[in-house]
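Enquirer: With the input below, show me the fold.
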Amino acid sequence: MASLWALVNELLMILSATSAVIGWIFIRRKERDIHRKFMLTASVLGALFFISYALGTVFIGDTTFGGPVGYSKFYQIFLQ
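Expert: From the prediction side, this is the model:
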């Protein structure tokens, strides 16, 4: 269950960041309506990520970093 929850969180975070980048591209092209839709999508996905992450912390608890040791410091900084 914890690994599925982590996958959902990761997908929400990636989709949120991707939507924000696409929104930024559209505002640079002066396409405000499309920019607005992507930025709202990024905000909603970011909020869903936060809620999911907080609920995971409450119900599953803290987990240790499972990746390569070399990435652990970057992971901890990112979480902060």
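
Enquirer: per-residue confidence at the residue nearest the centre of the chain?
Expert: In the chain, the residue lying closest to the centroid (C-alpha atoms, centre = their mean) is Met13, at 1.5 Å. Looking at Met13, its pLDDT reads 95.

Enquirer: which residue packs closest to it, ignoring adjacent ones?
Expert: Excluding the flanking residues, the one nearest Met13 by C-beta to C-beta, 6 or more residues apart in numbering is Phe49, at 5.1 Å. All C-beta spots, glycine's among them, are computed from the backbone N, C-alpha and C.

Enquirer: what's the distance between that neighbour and Val8?
Expert: 9 Å (C-beta to C-beta, to the nearest Å).

Enquirer: between these two, who's got more neighbours?
Expert: Using other C-beta atoms under 10 Å as the criterion, Phe49 and Val8 rank with Phe49 on top: 20 against 15.

Enquirer: Work out for me the element Thr64 sits within.
Expert: According to DSSP states H and E, Thr64 maps onto no helix or strand at all.

Enquirer: measure it to Met39 for me?
Expert: According to C-beta to C-beta, Thr64 and Met39 sit 34 Å apart.

Enquirer: neighbour count winner among the two?
Expert: For Thr64 versus Met39, neighbours defined as other C-beta under 10 Å are more numerous around Met39 (17 against 5).

Enquirer: For that one, give me its contacts.
Expert: Ser19, Ala20, Gly23 (C-beta atoms under 8 Å, 6 or more residues apart in numbering).

Enquirer: ok, so of those residues, who is nearest Gln80?
Expert: For these, the residue nearest Gln80 by C-beta to C-beta is Ala20; the value is 20.1 Å.

Enquirer: and Ala42, how far is that from Leu11?
Expert: Distance, Ala42 to Leu11, by C-beta to C-beta: 14 Å.

Enquirer: what residues are up against the residue nearest to Met13?
Expert: For Phe49, the contacting residues are Asn9, Leu12, Met13, Ser16, by C-beta under 8 Å, 6+ apart.
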